[in-house]
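> sequence first, predicted model second:
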Amino acid sequence: MKREIMIPFINVLLLLSFPSIGYVKDITIIELTDQVKYQKIDGFGVSGAWWAQDVGGWPQIDSILDYLFDKSKGIGLNIYRYNIGAGPNYYNVPDLWRRAETFEVSPGKYDWNRDVNAVNVMKGAVKRGVDTVIMFANSPPGRMTKNGYTSGDFNGRSNFKLGMEKEFAKYLVDIAEHFKNQGLPVKYISPINEPQWYWKGNQEGCHYELQEVVSVSEALAQELKLRRSDIKISLAESGKWNDPDYTFKLYEMLTLDKDIFHMMDHYAVHSYWSNEFDKKIAATFFNGQSKKLPLHMSEWCQMESGRDLGMDSALVLAKTVYEDLTILNVSSWEYWIGVSCYDYKDGLIYVDKDTKKFYTTKRMWALGNFSRFINPGDIRIKASSTDTDLLTSAFISPNKERIVVVVLNSNPYDTKRITFDKLAYRNIQLYETSDEKSLSKVYDGVAKKEFLIPAKSVNTFIVKLE
């Protein structure tokens, strides 16, 4: 028998015994209903581009991997995106962290001793619990591009050499199958990354016209079918959600191709340059399609200069995750780079290349409020709130014995007092990320009925039902 769960969260007028908190005027009710179900969650992840080839050889790498992938020591990411490098034929890419070597020595021949640091990072992530490896390419090798370079065409045109579709497919499958045969959980090949942008140097990249994306995808589907591989294709890693001429059109073209559609179990898009309004437009488009695929958000970081280890960027990340999960119903959410050496709001961890010191960020811990506790197979259920400061999402386990509730308090000043009512549970835990805490357990028990949710915080309740 299905059960409706109503969980009021009530902001009580605070007593004078809490002068630093102030008064809360309104009563806020958050309702959870397990009868209304949405997407099944596959997990949360991060890519190894392009830090893994360097940091993977540092003495500190085990600690860094623990923070990213271990569920007890870190945030427990379960998806890892391995960058299949395009090799040395680049132009105007002076930064070693914007390019990667290729295994290919000559067509069909490979040196598997190359890219050893990045390979070790991938293996270390799997050792710590990663159950899904996605092998993605930013560009084909130079021999498969029109100008011979892996960093784009400098006149802003497509740089894929027509006629190389089968060669590129064979190259990708050779590499993916090599690591799958080593026992790594390689589940997807992503051949193309942000194809609509006109790459013009500074990093690996390749622009494709729409039909070129389809042609490359068809060749990859045929190669996988020929080898009877169970690896799926992740397409098309479009750079933003609200792009009718690329994101939407590609979805229609790819799902109409029977061979490609058979090899897809999701459609992947990046959340760059996409606000809440853009995502609602995209959701309307995808919901209206006759051929529906689950959506994956496969790459995002906050596109702003300046390092931020604190809660400001953590709240931006948490809001982005919340929007993607609740507006677009994405079933997986994957961050861009795990480690950054830049003065930019990108990495979950910052490093100093000279001293080899590293620093965790609050946005890493905020992502952990989702990734450590929402397990693959959990299903998002309805959660609503009358308080716009509290962005709430909820996820129930397949056996209906456990609910994860993530509450983001974006208010910069007000602490919220909330209480669980009319909910039969045998245990409840609360984990907090705030200025003072980093995914810290602040409660574990049964007796407490009220909780304080600090301003500028991300909070996760683990509710074990009776």
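Looks like it came in fine.

> every contact and neighbour count from this point should use C-alpha atoms.
Will do.

> what's the biggest strand in the chain, counting residues?
strand 30-40 (DSSP state E).

> which strands and helices lie in contact with that strand?
Strand 30-40 sits against strand 379-385, strand 390-396, with contacts defined as 3 or more C-alpha pairs under 8 Å, 6 or more residues apart in numbering; DSSP states H and E.

> rerun at 6 Å
strand 379-385 (3 or more C-alpha pairs under 6 Å, 6 or more residues apart in numbering; DSSP states H and E).

> run the chain-centre distance for the longest strand of the chain.
22 Å (C-alpha atoms, centre = their mean, to the nearest Å).

> and after it, which helix or strand comes next?
Next in sequence after strand 30-40, counting helices and strands by DSSP states H and E, comes strand 43-47.

> what residues does that next one touch?
77-81, 332-338, 371, 376 (C-alpha atoms under 6 Å, 6 or more residues apart in numbering).

> what about residue 153, how many neighbours?
By the measure other C-alpha atoms under 10 Å, the count of residues near residue 153 is 23.

> which phi and psi does it have?
The phi/psi pair for residue 153 (degrees, to the nearest 10) reads phi -100, psi 130.

> before we move on, what about residue 443?
phi -160, psi 140.

> what is the burial count for it?
14.

> the helix-or-strand element of the chain with minimal mean pLDDT pairs with which strands?
Least confident helix or strand, the chain: strand 416-419 with a mean of 83, by mean pLDDT, DSSP states H and E. Sheet pairing for strand 416-419, assigned by DSSP bridges, gives strand 450-453 (antiparallel).

> just the CA coordinates for whichever helix or strand comes after the strand it pairs with, please, in PDB.
Next in sequence after strand 450-453, counting helices and strands by DSSP H and E, comes strand 457-465. The C-alpha trace of strand 457-465 is given here as PDB (Å, rounded to 0.1, in the frame of the first residue of the first chain):
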ATOM      1  CA  SER A 457      24.000  26.400   4.600                       C
ATOM      2  CA  VAL A 458      23.300  23.100   2.900                       C
ATOM      3  CA  ASN A 459      21.800  20.400   5.100                       C
ATOM      4  CA  THR A 460      21.100  16.700   4.600                       C
ATOM      5  CA  PHE A 461      18.600  14.700   6.700                       C
ATOM      6  CA  ILE A 462      18.900  10.900   6.600                       C
ATOM      7  CA  VAL A 463      15.500   9.600   7.800                       C
ATOM      8  CA  LYS A 464      15.200   5.900   8.600                       C
ATOM      9  CA  LEU A 465      11.500   5.100   8.500                       C
END
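
> so which elements touch strand 457-465?
strand 402-409, strand 425-433.

> which parts of the longest one count as buried, going by neighbours?
So the one you mean is strand 425-433. 427, 428, 429, 430, 431, 432, 433 (16 or more other C-alpha atoms under 10 Å).

> ok, the closest residue to residue 305 other than its chain neighbours to residue 351 distance?
Nearest residue to residue 305 in three dimensions, chain neighbours excluded: residue 344, at 4.3 Å (C-alpha to C-alpha, 6 or more residues apart in numbering). Distance of residue 344 to residue 351, given as C-alpha to C-alpha, to the nearest Å: 12 Å.

> same question for residue 465.
Distance from residue 465 to residue 351, by C-alpha to C-alpha: 42 Å.

> higher neighbour count, the two?
Neighbours were counted for residue 465 and for residue 351 using other C-alpha under 10 Å; residue 351 has more, 18 against 14.

> which other residues reach the helix or strand hosting that one?
According to DSSP H and E, residue 351 maps onto strand 349-352. Strand 349-352 is contacted from outside by 339, 340, 341, 357, 358, 359, 360, 361, using C-alpha under 6 Å, 6+ apart.

> let's have these in TSV, adding neighbour count, pLDDT and secondary structure.
Conversion of the contacts of strand 349-352 to TSV gives the following (neighbours: other C-alpha atoms under 10 Å; pLDDT from 0 to 100; DSSP: H, G, I helix; E, B strand; the rest coil):
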residue	neighbour count	pLDDT	secondary structure
339	25	98	strand
340	24	98	strand
341	17	98	coil
357	11	97	strand
358	18	98	strand
359	13	98	strand
360	19	98	strand
361	20	98	coil
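
> just these now: which is nearest residue 318?
The shortest gap between residue 318 and any of those belongs to residue 361, at 13.0 Å (C-alpha to C-alpha).

> what's near enough to touch the closest one?
309, 348, 349.

> beta partners of the nearest residue to residue 79 once chain neighbours are set aside?
The shortest distance from residue 79 to any non-neighbouring residue, by C-alpha to C-alpha, 6+ apart, is to residue 45 (4.1 Å). Beta bridges link residue 45 to residue 79, residue 334, judged by DSSP bridges.

> burial count for residue 45?
29.

> for residue 436, same thing?
There are 11 residues near residue 436, going by other C-alpha under 10 Å.

> quick one: pLDDT of it?
pLDDT for residue 436: 97.

> mind listing what it touches?
No contacts exist for residue 436 under C-alpha under 6 Å, 6+ apart.

> any chance of the backbone angles for it?
Residue torsions, per degrees, to the nearest 10, at residue 436 are phi -90, psi -20.

> next one: residue 217
Dihedral angles (degrees, to the nearest 10) for residue 217: phi -70, psi -40.

> on the three-state scheme, the residue nearest to it when sequence neighbours are not counted is what?
Spatially, and ignoring its direct neighbours in sequence, residue 217 is nearest to residue 260 (6.5 Å; C-alpha to C-alpha, 6+ apart). Put simply, residue 260 is helix when judged by DSSP: H, G, I helix; E, B strand; the rest coil.

> also residue 309?
When classified by three-state DSSP, residue 309 comes out as coil.

> now it, nearest residue through space, not along the chain?
residue 361 (4.3 Å).
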